[in-house]
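>>> fold the following for me, if possible:
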Amino acid sequence: MRAGEPLPAVGEVLASLATGLWHWSTATGQVTVDAEAARLLGLPPEGTVLSEAQTRARLHPVDWNEITGVVQLAVAEGTLAEVRIRIMDEQGRVVRVVRSRSKPSYDPEKRAYELIGTLQEVTEPRPGTPAGRTAVTGDWRRSREAFLLDAGRALAEARSTEEVLRVAAGLAMPGFSPDGLAVFGVDGDRLTIIGHHGQQPGDEGPFTHMPVETDYPAAEVVRTGRAVYLSSPGQYKERYPLTWPMAAHFGRESWAFVPLTVAGRTMGAWMAAFTHPVAFTPDERSVLTTVARMLAQALTRAGAAETQRELTDGLQRSMLPTLGPEIPGMTLAARYIPTGGGLQVGGDWYDMIPLPSGRFALVIGDVQGHDVRAAGLMGQLRIALRAYAAEGHRPDAVLARASGFLHGINQAGHDTDLRFATCLYIEVDPVTGVLETARAGHLDPAVRMADGTVLVRATAGGLPLGIDPAADYPTTRLALEPGEQLMLCTDGLLETGGHDLDSGWSRVRAILEGHEGDLEEMADALVQAVHGPSSHHTPGPLADRRGDDIAVLLLCRHGGAACGPAATPVRTPVRRTMLTVAQAEPERIAVGRQQLRELLHDWPSADQIDSAVLLLSETLTNVLVHTDADALLVAEVTGAPGARRIRIEVTDAGDDLPHRRRPGELASSGRGLVLIELLADTWGVAPRGEGKTIWFELYEADGAGGAGGSDGPGAP
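Okay, here's the model as predicted:
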């Protein structure tokens with residue numbers, strides 16, 4: 001071509017260089033190619049318009065997916081999209097390899113990409129060469145995909161910012177692993193160092209609290225949201241002359257500063273520094289960008305989890321009390337285990353409240369639900385209970401006022417999310433061991449006696465708090481003997497692991513009866529039994545083992561080794577149970593029979609157990625039928641195994657003493673004393689001023705024996 005002649009057309013120049021032109025619009029779904037590009041695609045050498053499906057049929061399917069990723073990366077970075085593509089024939093064989101270079105653009109209104117680029121045939125690179133790390137080399141692609149899968153899994157499992165940074169520092173990228181990492185955050189208008197690796201402690205000083213407007217790569221990434229790749233120290237010095245001296249002494253050859261973006265917002269920047277030159281090919285940039293996205297998501301999750309943990313720890317410290325000062329003659333232990341949900345404080349709570357009388361109150365309860373509202377109501381209800389107790393009210397009055405308080409909160413709300421709460425309130429006299437108990441729909445307390453026997457103490461109760469503002473909560477008086485332990489718990493302790501209340505109680509009772517150790521060790525054993533590895537051998541799916549909150553409160557009256565080192569041994573083990581049966585509550589006779597059977601759970605003679613239950617039922621029924629008074633049952637087992645004695649007393653306020661009668665064959669009554677004479681070893685009637693006590697005793701026999709007969713001193 002001579003000087004002054006016009007330049008040839010661009011198409012002619014490209015055709016002479018065996019380079020084709022193509023245009024792709026995702027809005028129309030059409031790909032326009034010239035004659036040379038059509039020839040390279042294995043089509044007749046003439047310009048044509050293809051659909052995306054027709055074009056995709058000519059390309060290797062893996063490379064088509066590679067094109068999509070490279071185009072998105074190039075748009076995000078504002079660079080060229082370059083990729084190697086395998087061209088396939090109708091039989092699925094590779095006929096040639098071409099290199100595509102294009103400048104993509106994105107239309108946000110149409111949500112479509114438009115690309116204009118070139119195609120040029122290239123030779124297949126040999127594996128192991130620098131050119132082999134391209135989109136068409138299967139070995140490198142497989143190693144890259146395996147790396148990204150491992151990195152994604154490791155980052156997804158990290159639970160804290162420290163763990164995320166440790167995982168990022170250990171990432172071994174295929175073929176171009178960095179030896180220095182830094183994660184930059186943003187605090188107002190300044191950069192912060194979240195963490196770094198590969199530098200000496202203190203090296204981060206000049207980069208900490210750097211203004212975002214500084215001429216520094218990480219600051220530019222935060223400002224623009226675009227990655228910065230520096231392949232050589234010369235490029236770094238040329239683009240950032242002011243901050244180059246800060247980076248020069250680290251001795252690095254290449255740097256990648258990639259934005260950390262979550263939900264379209266740039267939250268920081270990630271620096272990967274290399275001691276060897278890196279060209280930052282499209283594939284390498286794609287790997288770095290993908291890792292940065294996963295790192296940003298992992299840091300966001302970790303930050304949210306740490307914020308939630310800090311919040312819930314604060315809630316626990318403010319809502320769950322310490323057990324307060326030491327109680328003379330008694331020991332306390334408590335545990336709270338939150339549910340497996342995100343919130344670490346739910347509706348369960350416990351409390352110990354010093355009272356003006358010198359006594360103290362134990363409270364345990366459960367607000368309906370496991371959410372933030374349940375936790376908030378729990379805090380309010382706990383404060384209300386402490387206030388009513390501090391005013392000196394009796395247990396029944398405290399629960400009645402608390403029920404009205406919660407009912408008022410429900411009525412004042414503007415939604416239909418009405419809540420109730422169960423509660424057990426016990427006023428404890430540490431001197432005598434007397435327990436004044438009021439119950440609002442909660443589980444009954446359990447007592448572990450000095451010899452290890454565990455009984456559920458039946459107590460009178462009312463409706464859960466918040467249902468009826470005028471509800472009544474009767475009081476039940478119990479006694480805690482020296483060496484005995486009281487357990488209060490919420491239903492989560494029993495039902496965790498797929499159990500119902502009955503099977504869950506059987507599991508917990510076995511732990512209580514078989515435990516050897518002090519009160520703190522018993523609390524740990526109860527939690528471990530339902531949450532630890534031992535619980536995996538019991539019924540119920542593992543997914544249910546954190547289905548509900550758990551609150552446990554234990555009280556021990558000194559006098560046994562189970563209370564701790566301050567306790568003294570009990571001289572004579574005694575099992576005792578007490579129960580009041582009111583005239584209006586004949587159904588509590590069944591509760592008395594159950595209490596007696598539990599008291600005699602290891603008695604060797606089944607016949608004697610049946611006899612004791614029958615006689616107890618007779619004496620209680622006689623009080624309700626023949627008097628207008630309530631009945632008080634006291635049953636106790638004394639003595640060493642093999643020579644024990646069960647004594648049962650039924651006291652009432654009636655003045656009429658029982659008389660022995662000879663009932664006829666069809667008589668409906670009059671057989672009570674006859675049965676006592678036949679089945680009891682000894683019995684009697686003791687006047688008590690106002691009222692009387694009918695008592696009988698049975699002496700332990702072997703498993704084959706029966707009652708001892710009536711030839712003992714049994715005359716009334």
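>>> max-length strand in this protein?
The longest strand of the chain (DSSP state E) is strand 94-107.
>>> so which bits of that strand are buried?
Buried residues in strand 94-107, counted by 16 or more other C-beta atoms under 10 Å: 96-100, 102, 104. (Glycine included, C-beta is placed from N, CA and C.)
>>> quick check: neighbours of it in the sheet, parallel or antiparallel?
If you go by DSSP bridges, strand 94-107 pairs up with strand 81-88 (antiparallel), strand 112-122 (antiparallel).
>>> which one of these lies nearest to Phe280?
strand 81-88 (11.5 Å; C-beta to C-beta).
>>> just put the buried residues of strand 94-107 in TSV and tack on distance to Ser160.
Below are the buried residues of strand 94-107 laid out as TSV (distance: C-beta to C-beta, whole Å):
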residue	distance to Ser160
Arg96	51
Val97	46
Val98	47
Arg99	44
Ser100	43
Ser102	42
Pro104	39
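>>> what is the nearest of those residues to Ala304?
Nearest to Ala304 out of these is Pro104 (C-beta to C-beta; 34.3 Å).
>>> and the pLDDT at the closest one?
Listed pLDDT for Pro104 reads 87.
>>> next, count neighbours for Arg166.
Applying other C-beta atoms under 10 Å, we find 14 residues neighbouring Arg166.
>>> equivalent analysis for Gly392, please.
Counted with other C-beta under 10 Å, residues neighbouring Gly392 total 11.
>>> quick one, what contacts it?
355-357 (C-beta atoms under 8 Å, 6 or more residues apart in numbering).
>>> helix, strand or coil: sort out it for me.
Three-state call for Gly392 (DSSP: H, G, I helix; E, B strand; the rest coil): coil.
>>> got it, and Leu295?
Put simply, Leu295 is helix when judged by three-state DSSP.
>>> just checking, it touches Leu260?
Yes. Counting by C-beta atoms under 8 Å, Leu295 does reach Leu260; the two are 6.3 Å apart.
>>> list residues touching both of those two?
183, 270.
>>> doesn't Ala529 lie inside a strand?
No. Counting by three-state DSSP, Ala529 is not part of a strand but helix.
>>> thought it was touching Val508?
Yes. Look at Ala529 against Val508 with C-beta under 8 Å: they come within range, at 7.2 Å.
>>> now do the closest residue to Gln380 other than its chain neighbours against Tyr473, distance only.
Counting by C-beta to C-beta, 6 or more residues apart in numbering, Gln380 lies nearest to Ile409, which is 6.9 Å off, once chain neighbours are set aside. Distance from Ile409 to Tyr473, counting by C-beta to C-beta, to the nearest Å: 19 Å.
>>> sorry, back to before: what's next to the longest strand of the chain, contact-wise?
By C-beta under 8 Å, 6+ apart, strand 94-107 touches 22, 24, 27, 40, 42, 60, 67, 71, 74-75, 80-89, 112-124, 136.
>>> just the buried ones among the residues you listed, please.
Counted by 16+ other C-beta under 10 Å, the contacts of strand 94-107 give 22, 24, 40, 60, 67, 71, 74-75, 81-88, 113-115, 117-120, 136 as buried.
>>> thinking again about what came up before, contact partners for the residue nearest to Gln380?
When contacts are counted by C-beta under 8 Å, 6+ apart, Ile409 touches 377, 380, 466.
>>> can I assume the second one sits in a strand?
When you say that, I think you mean Gln380. No. Under three-state DSSP, Gln380 sits outside any strand and is assigned helix.
>>> what's the burial count for it?
13.
>>> any idea how far it is from Leu406?
8 Å.
>>> now swap in the first one and tell me
Leu377 sits 7 Å away from Leu406 when distances are taken as C-beta to C-beta.
>>> the stretch 601-716 of the chain: helices as residue ranges?
Remark: helices assigned in the stretch 601-716 of the chain by DSSP state H, counting those that start in this stretch are 606-626, 672-679.
>>> just want the angle from the last one to helix 606-626.
For helix 672-679 against helix 606-626, the angle by axes from the mean of the first three to the mean of the last three C-alpha atoms, to 10 degrees is 170 degrees.
>>> packing partners for helix 672-679?
helix 606-626 (3 or more C-beta pairs under 8 Å, 6 or more residues apart in numbering; DSSP states H and E).
>>> so what's Val222 up against?
184, 186, 191, 212, 259, 266, 268-269.
>>> SS state for it?
Secondary structure assignment for Val222 (three-state DSSP): helix.
>>> scan the contacts of Val222 and report the most crowded one.
Neighbour max across the contacts of Val222 (other C-beta under 10 Å) = Ala269, 29 neighbours.
>>> per-residue confidence for that residue?
92.
>>> repeat for Thr416
66.
>>> just give the nearest non-adjacent residue to Leu633, would you?
Among residues not flanking Leu633 along the chain, Leu579 sits closest, at 4.4 Å (C-beta to C-beta, 6+ apart).
>>> that neighbour contacts Ile648, doesn't it?
No. Contact between Leu579 and Ile648 fails when scored by C-beta under 8 Å: they sit 11.0 Å apart.
>>> which neighbours do those two have in common?
With C-beta under 8 Å, 6+ apart as the test, Leu579 and Ile648 both reach Leu633.
>>> wait, a strand at Leu478?
Yes. With three-state DSSP as the criterion, Leu478 is part of a strand.
>>> quick one: it from Pro464, how far?
Distance of Leu478 to Pro464, computed by C-beta to C-beta: 21 Å.
>>> these two - which one has more neighbours?
For Leu478 versus Pro464, neighbours defined as other C-beta under 10 Å are more numerous around Pro464 (23 against 20).
>>> Ala470: how many residues sit nearby?
If you count neighbours by other C-beta under 10 Å, Ala470 ends up with 8.
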